[in-house]
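In: need coordinates for the below:
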Amino acid sequence: MEPDRAQVDPNATESFDMDWSDGHYIFMPEWSDALPRMYGKLNKEIHYQKGELLDQWVILQEDADKGEQGMIIVRTSPKYWNEIIEFEVLLNPIFVDDFKSKDITMNW
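Out: Residues are numbered from 1 along each chain as shown. Presented below is the predicted three-dimensional model:
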């Protein structure tokens, strides 16, 4: 049975060190290490491209020391998509050298 997180003292995590599987729709960070981590570092050079049909910004995230690289592509088309903004996120593989699954979230 999964613990009820609302009823548990966050400082008493030793009883929850068991392995809980992470399913397709389950987001369950570890009790002992639940804070988010930044993936890569923001490259302050943002590339802008204007085309006949759409505008595009390319934002890079990278950390050479950790081997992390990511790309965020933001697209708009004032001519065809009146109120739509498209975000595409591409990441290098996420290392699992600790043999634990990883949950990736993007926040804007």
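
In: the residue lying closest to W81 once chain neighbours are set aside: neighbouring residues, count only.
Out: With CB to CB, 6 or more residues apart in numbering as the measure, L54 is the residue that lies nearest to W81, at 7.9 Å, once sequence neighbours are left out. Backbone N, C-alpha and C define where each C-beta goes, glycine included. When neighbours are defined as other CB atoms under 10 Å, L54 has 15 of them.

In: can you pull the contacts of L54?
Out: Listed by CB atoms under 8 Å, 6 or more residues apart in numbering, the contact partners of L54 are R75, T76, S77, K79, Y80, W81.

In: same check on T76?
Out: Taking CB under 8 Å, 6+ apart, we find T76 in contact with L54, D55, I84, I85, E86.

In: wait, a strand at E88?
Out: Yes: under DSSP: H, G, I helix; E, B strand; the rest coil, E88 sits within a strand.

In: quick thing: my sequence starts at 9, can you match it?
Out: Sure, I'll start numbering at 9, so the last one becomes E96.

In: would you confirm that it contacts G78?
Out: No: taking CB atoms under 8 Å as the definition, E96 is not a contact partner of G78, at 11.0 Å.
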